[in-house]
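Chemist: Fold the following.
(2 chains)
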Amino acid sequence: MSSSLFILDENLEPLVSKNIRALPNLSSVLSSFKQCYHDGSPPILSQNDWFFIHLKRDFLHFVSVIHTTDKPNIDLMTILAFLEQFYHLLQKYFEIEVLTKNVILDNILLVLELIDECIDFGIVQVTDPSIIKDYIRVKVNVPRVTVDNEEWSPGEESSSSSGSDSDSEYSNTNKRKDKKKKRKKKKGTKGKSVGKSNLKSIMVNNKENRGINVVETVKETLRNKNDTGKEAANDELPNDGNDLYINGDIAKTIIMPISWRTKGIHYAKNEFFLDVIERVQYLMDFEKGVIRKNLIHGEIVCRCYLSGMPKLKISINKILNRDPQFMSNSSFHQCVSLDSINTIEKEEEKNSDDDAGLQAATDAREIEFIPPDGEFVLCQYELKRHVKDAPMVRLKDFEIKPKLKKFKIQIVTKIQTNFKPTNSTSKLNVRIPLTKVFQEYKIDLSKQIRFKANIGKVVFNLSDDFLLWEIQTMKGHREHSTNKSSQYNSDEDDPNTCASMVAEFPLFNQEEYDRLQEEMKTSMNPPPLRTGPRLEELYRQVHDQQTSHVTPRDKLVNIDFEIPYCTCSGLKVEYLKVEEPQLQYQSFPWVRYKTVSDEEYAYIV
Amino acid sequence: MSDQKVFARYKANEIVTDLQHFGVKKFKSNITRRKNALRKIIANLVLGNYGEMSLLFSELLKFWQIEDDLEVKRICHEYIRVIGALKPQQAREALPFIMDDFKSRDEKLQIMALRTLVLVPVKELSDQAFDCIISLVNHKSPPEQVTRTAIYALLDLDEIDHERVLGLSSILHDIVKAQSSSPEVIVAALHTLYSIHEKNANMEPFRIPLELAFDMLELLPELNEWNKATVLEVLTTSVVPQHYLDTHEMIELALPYLQQVNTYVVLNSLKFIMYLLNYVDVIKETLAEKLSNSVIALLDKPPELQFLVLRNVILLLLSRESSLLRLDISYFFIEYNDPIYIKDTKLECLYLLANKETLPRILEELEQYATDIDIQMSRKSVRAIGNLAVKLDEDSVHDCVAVLLDLLEFGVDYVVQEIISVFRNILRKYPNNFKANVTELVKHTEVVQEPESKNAMIWIITQYSDVIPNYLELFRVFSSNMFSETLEVQFSILNSAIKFFIRSPTKETEELCMDLLKGCIDHENNPDLRDKTLMYWRLLSLTKTSRISNAITFESLKSVLDGELPLIEMNTKLDPTVLEELELNIGTIVSIYLKPVSHIFRLNKTKLLPQSPILNPNKDLLPVVGNSFPPTGANRDRQNSESQSSTKSRKTAMMDDYDKPAEKINQLKGKRKSSSNNPSKLSRKPSTLLRKLSMKRPFS
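Modeler: Got it, this is the predicted structure:
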């Protein structure tokens, strides 16, 4: 295992160093790391008998140092996996998306404590944020501005601490939204009476008095209302050690059989949120009509606000139907007892022999688990789509039509949706690269560029050479095999299902230019007044030095979309049962679906 | 509030003034100030300002006595851990305080104290640590957390005093056997035992009885992810199945963990299953499928982890004649935003995965990469195409060559040079198939600049002088500035000149040859080159005299200097013993370098498959589908016994060549004479050298 751990900033200066094996001179070790590290070097390096395993995340380097004589055969994957998990732990702890140097510097003791808690003499023990959060309750020292726990996706939901009024961004006029709003408010008022009396002594600062030092754990905000008696005394030292008090029960959770959930959790309203998010990765060679990639990366994200020790039963249609691809390409959270899924398969094998076991098999086709508290990823899966499966959003037509006689060049783009007509996209952006066009043709930017789109608006990015076609909402559409011709015609007209856009760039006209120059010389009139930005000059400024290459990216028409209430794979949660045998409360499970485009959803043109 | 002002170098006395405020009164502001001062100490320790900070020792001790705040305690312990290594005297002085903390009733403090005792390399402290651990163990109901830490601490203490730890190991054995403590503690004990056995060369490898292994496997669902992985790791090689049934049952138990989210768990269960597969009679098709799926799922991770997985994929692909894994090649296609190390590794995977069916797709991809903007990438992909041509059979080579010729038209310098280098290899394997293309190649004579492609070009010109009409003219491009070339190229030029002369002893060739020979002897300083030139000189003069003495004929000279070259082929795969060892080390650092452990860590034990009546003698014979294959019960004929690899000072010099393929072309340079079939020249490449070494020196 590691001899020491470092967190370094961009310039490889140490922010945190943790000496695990009492190495005598850490700074010399670090300098040998600096010697051998360069941008893009692989995650493992060796220099002067030291091995360095490093991860670069955000602007920070997480480095683990090992001496060659240290331990037989360094267990590389532990360390890499640990560094990765530790990064996520820090993210969760500080509740920010991007870790910065300052956050680490401000919380150096906390980071040291976290390392201490996670590893025992270099051996990883626990990295589950929800557990450690219960265990280590140090004030997180975060500037208020950066507090931002976006849970669903950027811009959709703002952090719970910044108030419940800002979440109206979720613009769908749907009853969903109401639900969500309700939930948001509930979060604020939800009381969480702590079961054990000694837990009550855990001081929680009141949100209003918090000042800049913020405790951001959701649970603690929830406790606010209960602990009104106490107030944060001091900005910097709010509760002087009280928050470090450990509840014996919580401390024990780590060594209990169910290590991911503490006892005595209580919520006034019991809710369980389940989000199925599918990222579709798609890459197609438009000219050749060859599909390079067609994959679905799915994730089931849950947020659990349930009291006691609830047992959840979820049935997913994929498991129910024993979709072989799903069964083999999914991985589950540690709380899911994998045996329950496996038994299904075993039964399946038995079933082929005798049909009597059929009943038993149908009973077992569900996932059963005791969820951890708070947010967690229940399941990740990756599915391949069949080549014949049409993409969710299809580039129907893409053509560059030079009209040399008119000194114009047209870029024609058409896209079509392919999902249930009842659904619609909440975001749809098409990015059309222009580098190639600009290289092959001489485009005269001093004249006006024209865009025509039957839906959405078009923006021209001058510096990076692309057009961004923003279509917010577009309805779903399914091609019917019957009366195809008439359907086709109506598609053309219907802007909801088939969007088309034409961008027209003027080409440089030498003759005209010469003529104008000539006229300018002879005529007494001042040159015609031009308003607006001079694009050609701006373009020249931006594209001054670099002789631009056509990178592979410049050949991709990227489509970026988001379709709520729909899964590309057809995955569906059949039912979701919450059972808590002791408390027997009423619970509210919410299920949502969403399909988004992966970073790579593009057509090569 | 931001603590950045804390993070600067301070002088000791600056901090002292802050600290001394505590005497006055317990004002809130003073507490704040003091804590800030303490934070400054930690920040300065991080910055490496040890000298100044060690002056604060006595101040800190004052705090230690009176404060019971955990944060302050934490700082004090951290301080001692850092300073203690540098100033043993101070650590000794702090010992009573540490013990006070250990005796407190707070588990957290106890753990902290115990860690400090172990981590500071001072004898008094380590002695105390032993005492503490013994007292803990004898305690009736010891707090579990502390026990766990204590058990892990033993591992560190083992380095200090092996004998004493050995004395305690029976207690650990009891904990593991009894299975009555909490699972965490059992895992800790198991891990410590395993590691102690691994670490000490003179100890037997750790073995677990079968029943215990089953107990542990059944315990798995209750453990957290890290412990699951630890158990699986320990069980690999520690448990020796005696019956096929046992093995199958264990595989069943380990199988679900291939579907975990945590990479570590997945790789460890993969390792465990791969290990067990040495002890089975048949492999089920579904199992192979599951293994492949879990590997593919792992590829969807952050790049660093992906790199690790890819390296292990290479290992798994190499390990069997026909790999167990069924991997679709599209997962290994390179994306433009992959880091360079991923690209390299994927390229190698593609190379290994290539066969007749997949070749067209792979070639198509490689051709794309070859026109990539990244120079390194395009070179490597050209090289990969060339290697594929040599690796695969004669049908496929035409496809590869067609792609290469396409790329030749692409006409970029580095691509052309690389193509010429790889073309030499292809011509070495298929000397007669591509004669027609040679003329195409030599058109690019002017372009080649790098030594390797120059060498290749010279070789091609020489070898195919019969199909190139103007070969001498082309050759003069190189020979005219021979004296400014690198040594390698000079050798090539010299060789070729001699060959030309031997083949057709005309006046022109003789003049060329003689000029070069004279030039080398007169102007060159390099002894190797001079020696070689002199050798040629004497050989040539021998033939002149031979007419009288009949010592050597022109024909025999020709056969010496310009003989038939043997066909090249790809280096055979890694040595089976090395592979076996690597397979037991899936996911460790060895898997990155694909080298035996003893090459990387000199002092380490190598893992071996333990003997068992059901150990498979040859895993390639293992049937994959479940038909009844009579297991050959014979023990494997192992040429190496359990002996510690001698610490022959094997430099870990070539550690950074993980980007080189594990399997590569045996590059016999054209200038070397094949007739003198001296094996030493074969071992110039690290991979062959490695094989040789590994044959000579058994890996125990």
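Chemist: okay, CA-based contacts and neighbour counts for the rest of this
Modeler: Fine.
Chemist: show me what contacts residue B:500?
Modeler: Taking CA atoms under 8 Å, 6 or more residues apart in numbering or on different chains, we find residue B:500 in contact with B:462, B:509.
Chemist: Point out where chain A drops to low pLDDT.
Modeler: A:1, A:22-24, A:68-74, A:122, A:130-131, A:133-259, A:337-365, A:479-497, A:544-550 (pLDDT under 70).
Chemist: Would you mind giving the domain segments of the chain?
Modeler: Assuming you mean chain A. Per automatic domain parsing, the structural domains of chain A span A:4-127, A:145-268, A:271-387+A:568-604, A:393-480+A:493-511+A:551-560.
Chemist: that answer is for a different chain, and I need it for chain B
Modeler: Taken from automatic domain parsing, chain B resolves into B:1-138, B:459-564, B:597-696.
Chemist: Confirm residue B:586 sits in a strand?
Modeler: No - counting by DSSP: H, G, I helix; E, B strand; the rest coil, residue B:586 falls outside a strand, being coil.
Chemist: That one and residue A:61: what is the separation?
Modeler: Distance of residue B:586 to residue A:61, computed by CA to CA, to the nearest Å: 25 Å.
Chemist: So for these two, which sits in the more crowded spot?
Modeler: For the pair residue B:586 and residue A:61, the greater number of neighbours falls to residue B:586 (30 against 22), based on other CA atoms under 10 Å in any protein chain shown.
Chemist: Which residue lies nearest the spatial centre of chain B?
Modeler: Closest residue to the average C-alpha location of chain B: residue B:593 at 1.5 Å, with CA atoms, centre = their mean.
Chemist: roughly how far apart are that residue and residue B:345?
Modeler: 12 Å.
Chemist: next one: residue A:413
Modeler: The value you get for residue A:413 to residue B:345, if CA to CA is used, is 37 Å.
Chemist: what about those two, which has more around it?
Modeler: Applying other CA under 10 Å to residue A:413 and residue B:345 shows that residue B:345 carries more neighbours, namely 25 against 21.
Chemist: list the buried ones in stretch B:45-65?
Modeler: Residues of stretch B:45-65 classed as buried: B:45-50, B:52-54, B:56-57, B:60, B:63-64 (neighbour count, 16 or more other CA atoms under 10 Å in any protein chain shown).
Chemist: same question for it, mean pLDDT?
Modeler: When pLDDT is averaged along stretch B:45-65, the result is 75.
Chemist: near chain A at all, it?
Modeler: Yes - residues of stretch B:45-65 contacting chain A under CA under 8 Å from any CA of the partner chain: B:46-48.
Chemist: can you tell me which of the residues you listed are in strands?
Modeler: Among those, no member is found in strands (DSSP state E).
Chemist: Looking at those, which is nearest residue B:77?
Modeler: Ranked by distance to residue B:77 (CA to CA), the residues of stretch B:45-65 next to chain A are led by residue B:46 at 14.4 Å.
Chemist: show me what contacts that closest one?
Modeler: The contact partners of residue B:46, by CA under 8 Å, 6+ apart, come to A:14-17.
Chemist: Go again with 10 Å.
Modeler: Applying CA atoms under 10 Å, 6 or more residues apart in numbering or on different chains, we find residue B:46 in contact with A:6, A:13-19, A:26-27, A:108, B:7, B:40, B:82.
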